[in-house]
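Student: coordinates only, sequence not included:
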């Protein structure tokens, strides 16, 4: 079942790559809030997020973003105007400073340079404007990426593995409860999570491990072997904010990957 206020609506949508289903045809809707999408590497999270970002078309079924049918050219442009997308490993924009990166995004989204600078100040990254992305600490680099993705104040923000660099930076250190790497990662995420939740009415975030998203996302989906399954979030905020209609939207995703 799909609630009327769903901002992403898939009807019989399937996504293939390399001859296999990354997402078997399924009908579902994503309402407002923060939605986590977890799954092992290679499961298809990035491809699915790129599909939601309208960078590729579904191989089966229909997809509507913010009420727009992405198969229609005019509707596709309207949908893209309301989407903010940050791919994984975006720092490969070599030799670009944080300020240049955000201002380029503003130009592409037909927004002014002054708006880009204001967005950087809002996300507490203005002081890093003159530093190359590759030289920034992972958490500051992520803030610059968020500023670029949100410079046009989108209604939907899609973030592909935003914590990947943070986790990689912690790997050389002991990762036990008392390890400095774990403490640094936990502290950085504690600061970033409220920022992520405030970016847009709907925010979708991917991660390899469900544990990364558990406890603070409003909904949590896992993708494995082409099937979507909803998982408990253990988030008190999510439980308080979930209406009966919301529960039907994602609760309708059955364990076999089809909608009830």
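Tutor: Received, thanks. Predicted model only: the values in this text are computed from it and were never measured.

Student: worst-scoring helix or strand of the protein, pLDDT-wise?
Tutor: In the chain, no helix or strand scores lower on mean pLDDT, DSSP states H and E than helix 244-251, which sits at a mean of 42.

Student: what ranges do the strands span in the stretch 101-250 of the chain?
Tutor: 156-159, 202-207, 219-224, 227-231 (DSSP state E, counting those that start in this stretch).

Student: got CSV for these, with mean pLDDT, mean neighbour count and distance to residue 137 too?
Tutor: C-betas here are computed from N, CA, C, even on glycine. Output for these, formatted as CSV (pLDDT from 0 to 100; neighbours: other Cβ atoms under 10 Å; distance: least, Cβ to Cβ, whole Å):
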stretch, mean pLDDT, mean neighbour count, distance to residue 137
strand 156-159, 98, 24, 18
strand 202-207, 96, 25, 20
strand 219-224, 95, 21, 28
strand 227-231, 92, 18, 31
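
Student: and of those, who's closest to residue 101?
Tutor: strand 156-159 (15.7 Å; Cβ to Cβ).

Student: what does that closest one rub up against?
Tutor: 7-8, 49, 52-53, 65-66, 82-86, 146, 149-150, 196, 199-206 (Cβ atoms under 8 Å, 6 or more residues apart in numbering).

Student: any chance of the strands of the stretch 101-250 of the chain in a markdown table with distance to residue 131 as columns?
Tutor: Below are those laid out as a markdown table (distance: least, Cβ to Cβ, whole Å):
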| stretch | distance to residue 131 |
| --- | --- |
| strand 156-159 | 22 |
| strand 202-207 | 25 |
| strand 219-224 | 34 |
| strand 227-231 | 38 |
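
Student: between those strands, which one is closest to residue 123.
Tutor: With Cβ to Cβ as the yardstick, what comes closest out of those is strand 156-159 (12.3 Å).

Student: one step back: for PyMOL, what selects the buried ones among the contacts of strand 156-159?
Tutor: Remark: buried members of the contacts of strand 156-159, expressed as a PyMOL selection using 16 or more other Cβ atoms under 10 Å:
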select buried, resi 7+8+49+52+53+65+66+82+83+84+85+86+146+149+150+196+199+200+202+203+204+205+206
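
Student: the contacts of strand 156-159 in helices, which ones?
Tutor: Per DSSP state H, helices hold the following members of the contacts of strand 156-159: 49, 52, 146, 149, 150, 196.

Student: how close does the last one get to residue 101?
Tutor: Here residue 196 is placed at a distance of 19 Å from residue 101 (Cβ to Cβ, to the nearest Å).

Student: do the fourth one as well
Tutor: Going from residue 149 to residue 101 by Cβ to Cβ gives 11 Å.

Student: what does the fifth one give?
Tutor: Between residue 150 and residue 101 the computed distance is 13 Å (Cβ to Cβ).

Student: and what of the first one?
Tutor: Applying Cβ to Cβ, the value for residue 49 to residue 101 is 20 Å.

Student: ramachandran coordinates for residue 99?
Tutor: When read as degrees, to the nearest 10, the backbone of residue 99 gives phi -60, psi -40.

Student: for the residue lying closest to it once chain neighbours are set aside, give me phi and psi.
Tutor: With sequence-adjacent residues excluded and distances taken as Cβ to Cβ, 6 or more residues apart in numbering, residue 99 is closest to residue 129, at 3.3 Å. The phi/psi pair for residue 129 (degrees, to the nearest 10) reads phi -60, psi -30.

Student: next one: residue 37
Tutor: phi -130, psi 110.

Student: having no further points to raise, I will conclude here.
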